[in-house]
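J.: quick one, fold the following:
(chains A and B, ligands or ions: 1)
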Amino acid sequence: MTTGTITRLAEQLRAELGDDAVITDRTRLRTYECDGLAQYKVTPAVVVLPRTTAQVADVVRACIAAHVPYVARGSGTGLSGGALPHADGVLVVLSQMRAVVDVDPADQRAVVQPGVINLQVTRSAAADGYYYAPDPSSQQICSIGGNVAENSGGAHCLKYGFTTNHVTGLEVVVPDGSVVRLGGRAPDPPGYDLIGAFVGSEGTLGITTEVTVRLTRAPETVRTLLAAFPSTDEAGGAVSAIIGAGVVPAAIEMMDALAIEAAEAAVHCGYPDGAGAVLIVELDGPRAEVEAHFTEVERHCDEHGAFEIRIARDEAERALFWKGRKSAFAAVGRISPDYIVQDGVIPRTALPEVLRRIAALSDGSGVRVANVFHAGDGNLHPLVLFDDAVAGQTEEAEQVSASILDLCIEHGGSITGEHGVGIDKARYMPRMYTEDDLDTMQMLRCAFDPHGLANPGKVFPTPRLCGEVPGRHKGPHPLQQAGLAEVF
Amino acid sequence: MAGEHPARDDLKKVARARLARGPKDWVGGVRTRYVATPSSTEEVAEVLRVAAQHDLAVVTRGAGTTLDWGAPPTRADLLLDTAAMAGVVDHAAGDLVVVVRAGTPVGELQDTVAAAGQRLALDVPDADATVGGTLAVSPSGPRRLLYGTARDLLIGVTFVRADGVVAKAGGRVVKNVAGYDFGKLLTGSFGTLGVITEATFRLHPLPAARRVVTVSCADATTAGRAALAVLGSQVAPTAVELDQAGDGRVQVAGLIEGVAAGVADRTRTVLDLLGRGAGDGDALPDGYGRLPFEAGGTGLKVTTALTGVGPVLAACNRLAGEHGVTITARGSAAGVLHAGLAADAEPEAVAAVVQALRAATAPLAGTVTVLTAPHAVRDLVDLWGPVPGLELMRRLKDEMDPDHRLSPGRFVGGI
Ligand SMILES: Cc1cc2nc3c(=O)[nH]c(=O)nc-3n(C[C@H](O)[C@H](O)[C@H](O)COP(=O)(O)OP(=O)(O)OC[C@H]3O[C@@H](n4cnc5c(N)ncnc54)[C@H](O)[C@@H]3O)c2cc1C
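T.: So this is what the prediction gives:
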C-alpha cells in the first residue's frame, strides 16, 4: 500500500462526501484508534462519516477500486476489537446515520438507520406500549448496526432471544459495492436466510445501512428479586432448580463476592452483607403467570440456601438491584488497575463445576477473578484482574483468561456468547471448530466478499483465498496481486 | 449384476445402497437411478464422495412428506435416504437441549423430550416428518407467533458438503456468537447447500395448562382486527390462528398456555377482546395447524406485515370469486398464511390467482411462494416470485457446490 493510493482515495472521498465527512488529520484520526477493547490500537489511514446509503456504497466502491480494506464502526463499544481500524484502510463510521425511519406499533416493527442507539428504539416505541427486546448493558450507547454485526444479547435475552431473533429486514451495502434489501416487515423472505447469516457476521459481510426490527409488547407485570447466598454453589443450584421447574424468567443474573465488592465500592447498591453470591431474578408477563412463578422462584432460592431474599417494591428498588449488576464491568476498575472482560458460554448445568475450576485457576495463579454473568443461559463474564505496572501480571492474567475459554470448550460451550470473535478471539476459533468448519464458514465470506476487503483479519485466524478451489484458479489472487495477502 | 452399475457398486462399498425401484424412489417426477441409505455422518460423507466421482446429482429424502415442495430437481441420480440415521443422541434435560440425528421423526423427538416435561416448540404439518426434512424445508405452524421457526430453535448443526467434507456450526449452548450462523443458512435451503446429518435444538418447558378461545367472524377484515387486538394486548398468547371457510367467514383462535391460574385469567381477557360470540374450550379447532391443501393440489405460502393478515384473507376470498375457484386459507396472525387450491382447479385460474395475490401482498410487504402444485400449474407460474439477494445466493451456492450436484434446480432462481 502506497501513501499515494490513500491520498488519492481520500481526495476522491472528499469530492464525493464533502470535506466535513472525511478525516485524515492524525490527531483526529486517533479518536478512532480502538473500540471498547482498548488493548488493541491502530490508527486508521482515513475515517469517513457517510450520511446516506448511497454514500456508504460510494465509499465501498472506491475502496474496491483502490484495493483498500475498510472497517465499519458504530459506537465503538465492541469488546472483541471488531471495529479495530486497519492502518492502511478506511474506517466507515455510521454514527451520522441515526434516523428512526419509522415506528409502527400495529405491525410491531421499527425501521432504523444503523447509527441509532439501541435504547432509542425502545424510547421511540414506549408511548405505544412497545419496546425493543435485546438489551445489552451498553444499550445507552451502542448502535443498532453494531448490535446486528455482533448479534448482541442482554440480560433479558434468556426469554426473548438475541438480536438475530428480532431482525426481520436489512439493507446492506455488499462488499461488491451493490445495495441489497433483504426481508422487511413480513417474516420469512424467500431464498436462503441471508439475514440470519448476516446478523453476527461482525462487519465481514458488508455494511448495514438500514435495519427493520421487531417491537415487543411491554409486559403487564415485572417482578424482580435479589437473593443472597453463602456461595456460588448454592446460587448455581437455585438457577438449575428454577429452570428445571419449567420457569422461564426474563432474566437470571449472578454475581460473586468479588464482583459484589466492586459494585458496592462503585455504586453503593447495598446488596446483603456477607454474600458469597447474589442472584437477580426477574419475571415478566401476564400478572397471574408472574405471581405463580414468582412464588416458585422464591421457594427454590430458599431451598437452595438463600439467607436473604429481597423483593423490589417499586421501580426505584428494581433499578437499584440492577444498578449493581449493570455497573459491574466498570466497577471492577475500583478494585483493580486493569482487568480483562472475558465472555464464554457453558451449558447451564455445568455452572457449579466450572465456577469451582475457575476458582482453582485463580488460587493456583494468584490472579483474582470476579464473576458476573447471565446465569440463565450459562453466559459467563469472568473479570480477570491484574496490574499492568507489575512485571509479568499481564501475561499471567491473559493465561488465566485463556484457560477459562478452554474450560468453556471442554464443557461443550462457546468462546463467545455475545461479545464476538473480532480480532481478540480469532486465534481461539481453531480450538472450537475444525479446519473444515472454518473453511466452510469462509465459503460464505468468499460469496459476499471475494476480495477480502471488508473488515479483514477479524473472526478467522487465517483467511481463505477465495477461488482457491482446485481447478478454479484464475491467475493470482487479487489479494496477492495487491500485495495485501501478508498484511491480513 | 456387478459390473453393470459401477456407481452402485462403489456406493455399496461405503453404505447400504441399491438401484432405484421406480416412482416411489423418484423426486418430483424425476427419475433417480440409485438409493443410498447411509447410517452415519461419516457414511454420508463417503456417499457424497462417491457421488462426486461418478458425477451423480444427489437429492436427500427424509420421510418424504414434503418432497414435492419446491421445483423438481433438474437432475436426480442418487436418492440419499436418511432413514438409517434416526434417534435422539442426547437429551440434556437440565440444559433444555436435545441433539438428534437427521432421520428422526419429529414426533419421536417430541415423545422423547416430553418424558422430561419439555417440547420442541415447533409445529410440523406431519409428525412423521424428519428433523432433517423439517430443517431443509422449514415449515411452520401456530406456535411461531411466540417461539419463532426452526431457525430460531436450532443451535447447532452437523452437515456434509457436496465435496464430502463434514462441517459443523453452532454448538450445544443456547448462546453462541462464534463464527457464522450456518444453521440459519441451511434452514429452508431445500438441501441445496449440504446434507444435514445431526441437529441440536433448544427446548422449552411443556406448559401446565392450556385454553383455546375462538370466535367466528363474518368476514376477513373483522377477523384481522380481532387478531390484532389480541396481539396488541398483554396476554402473551402462544398462537393466534385465522381460518377462512368457503363462505368467507373466518374463525379466529387464540391459544393460551401457562400455569392454570394464569391461563384462566388470560382466557377471560381474550374473551373480552374477541367480544360477542367468543367461546373457550380445551380442544383445538378442526384443522388447527394443518396445511389447507391436499396432495396433488396447489399449496401457497403467503407472508405479510401483521396488519396485512386480514386484507390477505379478504383478497383470497375476492380472488376465489373472480376466478371461479375455491381457496382455503389459514395461518398465523404473525403474518404467515397458507392457501390451498384443489388439484382439479383450472391451471390458468390458479396461475392468475398467484399473480393477483402477489400484486395484493406486495404493498403489505409480503410474498407468495408456491410450495407445491400440479405440473400444469408449475408450467405457468414462477414458484418463488421475486427474490431480493438472489445474486448473493447464487454465489453462495457456487462456493459450496460448484458443480451443482446437491438438489440442483429445486430452489430459488434455479439454484
Ligand atoms: C460496558 C459495556 C457493556 C456491554 N454489555 C454488553 C452486553 O450486555 N451484551 C452484548 O452483547 N454486548 C455488550 N457489550 C459489547 C458491545 O456494546 C456490543 O457488541 C455492541 O453491539 C457494539 O455496538 P457498537 O455500535 O458499539 O459497535 P462497534 O463496537 O462500533 O462495532 C462492533 C462490530 O460491528 C461492526 N459494525 C458496526 N456497525 C456496523 C454496520 N453498520 N454494518 C456492519 N458492521 C458494523 C464493526 O465492524 C465491529 O466488527 C458491552 C460493551 C460495553 C463497553
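
J.: is A:Gln39 within a helix or a strand, and which one?
T.: Using DSSP states H and E, A:Gln39 sits in no helix or strand.

J.: any idea how far it is from A:Val421?
T.: 16 Å (CB to CB, to the nearest Å). For glycine as for every other residue, the C-beta is placed from the backbone atoms N, C-alpha and C.

J.: compare the two (neighbour count), which wins?
T.: Shown here are A:Gln39 and A:Val421; by other CB atoms under 10 Å in any protein chain shown, A:Val421 has more neighbours (27 against 12).

J.: and the more buried one, what does it touch?
T.: A:80, A:82, A:202, A:415, A:428-429, A:458-459, B:177-179 (CB atoms under 8 Å, 6 or more residues apart in numbering or on different chains).

J.: can we see that at 10 Å?
T.: For A:Val421, the contacting residues are A:80-82, A:150, A:200, A:202, A:204, A:415, A:427-429, A:432, A:458-461, B:177-179, by CB atoms under 10 Å, 6 or more residues apart in numbering or on different chains.

J.: just the buried residues of the residues you listed.
T.: A:80-82, A:150, A:200, A:202, A:204, A:415, A:428-429, A:432, A:458-460, B:177-179 (16 or more other CB atoms under 10 Å in any protein chain shown).

J.: and these near the ligand, which?
T.: A:82, A:150, A:202 (CB under 6 Å from any ligand atom).

J.: adding pLDDT, write the residues you listed out as TSV.
T.: Listed next are these as TSV, based on pLDDT from 0 to 100:
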residue	pLDDT
A:Gly82	98
A:Glu150	98
A:Glu202	98
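
J.: which positions in chain A make contact with the ligand?
T.: So chain A meets the ligand at A:35-36, A:71-79, A:82-83, A:94, A:114, A:136-138, A:142-143, A:145-147, A:149-150, A:152-154, A:202-203, A:207-208, A:329, A:418-419, A:455 (CB under 6 Å from any ligand atom).

J.: which residues touch whatever residue of chain B ends up closest to the ligand?
T.: Minimum separation of chain B from the ligand (CB to the nearest ligand atom) falls at B:Val177, amounting to 7.9 Å. For B:Val177, the contact set (CB under 10 Å, 6+ apart) comprises A:80, A:150-153, A:162-164, A:199-202, A:343, A:345, A:414-421.

J.: tell me the buried residues in stretch A:210-218?
T.: Neighbour-count burial for stretch A:210-218 [16+ other CB under 10 Å]: A:210-217.

J.: now stretch B:98-118 - C-alpha only, PDB.
T.: The C-alpha coordinates for stretch B:98-118 follow below in PDB (Å, rounded to 0.1, in the frame of the first residue of the first chain):
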ATOM      1  CA  VAL B  98     -31.500 -32.000  22.500                       C
ATOM      2  CA  VAL B  99     -29.100 -33.500  20.000                       C
ATOM      3  CA  VAL B 100     -30.800 -35.600  17.400                       C
ATOM      4  CA  ARG B 101     -30.000 -37.400  14.100                       C
ATOM      5  CA  ALA B 102     -31.400 -36.000  10.900                       C
ATOM      6  CA  GLY B 103     -33.600 -39.000  10.100                       C
ATOM      7  CA  THR B 104     -35.500 -38.900  13.400                       C
ATOM      8  CA  PRO B 105     -39.200 -38.300  13.000                       C
ATOM      9  CA  VAL B 106     -40.200 -35.000  14.800                       C
ATOM     10  CA  GLY B 107     -43.000 -36.900  16.600                       C
ATOM     11  CA  GLU B 108     -40.500 -39.300  18.000                       C
ATOM     12  CA  LEU B 109     -38.300 -36.400  19.200                       C
ATOM     13  CA  GLN B 110     -41.300 -34.800  20.800                       C
ATOM     14  CA  ASP B 111     -42.200 -38.000  22.700                       C
ATOM     15  CA  THR B 112     -38.600 -38.400  24.000                       C
ATOM     16  CA  VAL B 113     -38.400 -34.900  25.400                       C
ATOM     17  CA  ALA B 114     -42.000 -34.800  26.600                       C
ATOM     18  CA  ALA B 115     -41.000 -37.500  29.100                       C
ATOM     19  CA  ALA B 116     -39.000 -34.800  30.900                       C
ATOM     20  CA  GLY B 117     -41.800 -32.200  30.600                       C
ATOM     21  CA  GLN B 118     -40.300 -30.500  27.600                       C
END
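
J.: ok, it near chain A or not?
T.: Yes: using CB under 10 Å from any CB of the partner chain, stretch B:98-118 reaches chain A at B:116-118.

J.: what is the helix or strand hosting B:Val354 packed up against?
T.: B:Val354 is part of helix B:347-361 when elements are defined by DSSP H and E. Other helices and strands packing on helix B:347-361, by 3 or more CB pairs under 10 Å, 6 or more residues apart in numbering or on different chains; DSSP states H and E, are strand B:298-303, helix B:309-323, strand B:327-332, strand B:336-341, strand B:368-372, helix B:375-378.

J.: now render these as CSV, adding mean neighbour count.
T.: Below are those laid out as CSV (neighbours: other CB atoms under 10 Å in any protein chain shown):
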stretch, mean neighbour count
strand B:298-303, 25
helix B:309-323, 21
strand B:327-332, 25
strand B:336-341, 25
strand B:368-372, 23
helix B:375-378, 16
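
J.: helix, strand, or coil at A:Val247?
T.: Three-state call for A:Val247 (DSSP: H, G, I helix; E, B strand; the rest coil): coil.

J.: A:Thr212 now?
T.: strand.

J.: measure it to B:Val89 for me?
T.: A:Thr212 sits 37 Å away from B:Val89, going by CB to CB.

J.: re the thing from before, by neighbours, which of the residues of stretch B:98-118 next to chain A wins?
T.: Going by other CB under 10 Å, B:Gln118 tops the residues of stretch B:98-118 next to chain A with 21 neighbours.

J.: isn't that one up against B:Asp111?
T.: No: between B:Gln118 and B:Asp111 there is no contact under CB atoms under 10 Å: 11.2 Å.

J.: just the pLDDT for A:Gly333.
T.: Here the pLDDT value assigned to A:Gly333 is 87.

J.: now do the contacts for it.
T.: A:262, A:265-266, A:339, A:383, A:385.
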